[in-house]
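**Student:** Below are the sequence and a predicted model for it; my questions follow.
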Amino acid sequence: MDVWVDISDVDVFMQECTADWFQIFIREADSLLSRRWRLPQRQPRVHAVALAATAIEVESAASMRRHTAKAYRYLHRAVSQFYQRVQNMAVSAFATFVNEKAGLGTLRRVRGTQAKVEVCFWQQEAGALLLKGAFITELLDRGGVVHTLCVVFSILGVLNRSSEAGALPTNGDFIACFTAHVALVSMKIRVHLKKRAASESDDGDAVDTTLDLSGGHRAE
């Protein structure tokens with residue numbers, strides 16, 4: 001089973017949903033999705049000097065882009081947003097588990113917020129979890145990955161398809177899923193740990209643990 005869905009399959013799914021919603025044929029749905037629509041987009045990144053010098057031109061161009069976005073391209077953003085959501089869920093669940101079970105990480109206020117806190121790993125902690133893949137090979141940390149899968153499946157509403165009761169009451173529940181699902185979640189965790197291991201922001205009260213949107217979310 002493919003975890004990374006091919007964009008052509010996404011197009012077929014959008015065509016079917018559009019046809020079902022408007023009660024039209026697939027060919028007509030394809031035509032609608034190929035048109036340019038008035039859809040909101042983020043402002044493009046523009047250098048401050050250029051923005052000051054050509055404010056009117058930039059605003060005019062941005063306005064034109066907002067009114068000429070193709071439905072296909074606009075809806076493709078949902079794919080990357082979905083994987084970003086999976087990463088946010090996976091990192092939060094794993095970090096919370098390891099913090100509770102092993103005492104790793106510290107609760108830090110997320111930059112730009114007053115009350116929201118997340119578990120933040122120090123450089124040394126993130127490095128130790130990455131060393132020889134410890135976050136997957138060590139028993140406790142591997143339990144964190146399994147817990148993360150449970151959380152992700154639960155939030156997505158598919159835990160009942162993947163959860164199996166243990167043979168003994170003390171064994172707890174098991175997750176039955178494709179290896180690709182484990183690889184996806186563990187990859188998201190590894191990316192976060194690498195970011196923390198390379199971070200030099202251990203000092204200070206606030207840590208920016210938010211994930212930037214990809215360039216695909218911005219008008220070109």
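**Tutor:** Everything's here; your move. Numbers count the residues shown, from 1 in each chain.

**Student:** Please tell me how far Leu184 sits from Phe153.
**Tutor:** 12 Å (C-beta to C-beta, to the nearest Å). In short, each C-beta sits where N, CA and C put it, glycine included.

**Student:** Same question for Leu33.
**Tutor:** Distance from Leu33 to Phe153, by C-beta to C-beta: 30 Å.

**Student:** and if you look at Leu32?
**Tutor:** Distance of Leu32 to Phe153, given as C-beta to C-beta: 34 Å.

**Student:** and those two? which has more neighbours close in?
**Tutor:** Counted by other C-beta atoms under 10 Å, Leu32 and Phe153 do not tie: Phe153 has more neighbours, with 20 against 16.

**Student:** neighbours of the closest residue to that one other than its chain neighbours, just the number please.
**Tutor:** What sits nearest to Phe153 in space, not counting adjacent residues and going by C-beta to C-beta, 6 or more residues apart in numbering, is Leu159, at 4.3 Å. Residues lying near Leu159 (other C-beta under 10 Å) number 16.

**Student:** quick one: Leu159 and His147 touch, right?
**Tutor:** No - the pair Leu159 / His147 is not scored as a contact, 11.9 Å apart, by C-beta atoms under 8 Å.

**Student:** what about the helices in this structure?
**Tutor:** For the chain, helices defined by DSSP state H occupy the ranges 7-22, 26-34, 48-53, 55-66, 71-102, 123-130, 134-137, 139-155, 159-162, 179-197.

**Student:** could you redo the ones you listed as a markdown table and give each row mean pLDDT and distance to Pro40?
**Tutor:** Listed next are the helices of the chain as a markdown table, based on pLDDT from 0 to 100; distance: least, C-beta to C-beta, whole Å:
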| stretch | mean pLDDT | distance to Pro40 |
| --- | --- | --- |
| helix 7-22 | 94 | 18 |
| helix 26-34 | 94 | 17 |
| helix 48-53 | 53 | 20 |
| helix 55-66 | 53 | 6 |
| helix 71-102 | 91 | 9 |
| helix 123-130 | 93 | 37 |
| helix 134-137 | 90 | 39 |
| helix 139-155 | 88 | 26 |
| helix 159-162 | 79 | 34 |
| helix 179-197 | 92 | 28 |
